[in-house]
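# heads up, no residue letters with this:
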């Protein structure tokens, strides 16, 4: 599987709710914002990165090998 290189920024909204902005490096140079609930900013950051990776793999047709 080709690696999906990406970064994220986590913004606390309220009541364990976070907005996670994720952006990727080419060829996955997209930007997504996920609204997630979680116990910590680390937990939602990991989940946001995982969601972005899954979405890019679905979009570009890459799969685990």
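Here it is on my side, so go on. Note that the coordinates shown come from a computational prediction; the quantities given were computed from them, not determined experimentally. Residues are numbered from 1 along each chain as shown.
# This structure: strands as residue ranges?
6-14, 17-24, 31-37 (DSSP state E).
# Out of these, which is the most enclosed?
Highest mean neighbour count of the strands of the chain: strand 17-24, a mean of 18 (counted as mean count of other CB atoms under 10 Å). Using the backbone N, CA and C atoms, a C-beta is placed for each residue, glycine as well.
# tell me the angle of that one relative to strand 6-14?
170 degrees (axes from the mean of the first three to the mean of the last three CA atoms, to 10 degrees).
# Distance from strand 17-24 to the middle of the chain?
6 Å (CA atoms, centre = their mean, to the nearest Å).
# Remind me what it packs against, helices and strands.
strand 6-14, strand 31-37, helix 41-60 (3 or more CB pairs under 8 Å, 6 or more residues apart in numbering; DSSP states H and E).
# Please convert those to JSON lines, extending it with distance to residue 23 and mean pLDDT.
Below are the helices and strands packed on strand 17-24 laid out as JSON lines (distance: least, CB to CB, whole Å; pLDDT from 0 to 100):
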{"stretch": "strand 6-14", "distance to residue 23": "6", "mean pLDDT": "97"}
{"stretch": "strand 31-37", "distance to residue 23": "5", "mean pLDDT": "98"}
{"stretch": "helix 41-60", "distance to residue 23": "8", "mean pLDDT": "96"}
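# Next, format the ones you listed as a markdown table and append distance to residue 21.
Below are the helices and strands packed on strand 17-24 laid out as a markdown table (distance: least, CB to CB, whole Å):
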| stretch | distance to residue 21 |
| --- | --- |
| strand 6-14 | 5 |
| strand 31-37 | 5 |
| helix 41-60 | 8 |
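# Tell me which of the ones you listed lies nearest to residue 20.
helix 41-60 (3.2 Å; CB to CB).
# next one: that closest one to chain centre, how far?
Worked out by CA atoms, centre = their mean, helix 41-60 lies 3 Å from the chain centre.
# got a list of contacts for it?
1, 4, 6, 8, 10, 12, 18, 20-22, 24, 27-28, 30, 32, 34, 36-38, 62-63 (CB atoms under 8 Å, 6 or more residues apart in numbering).
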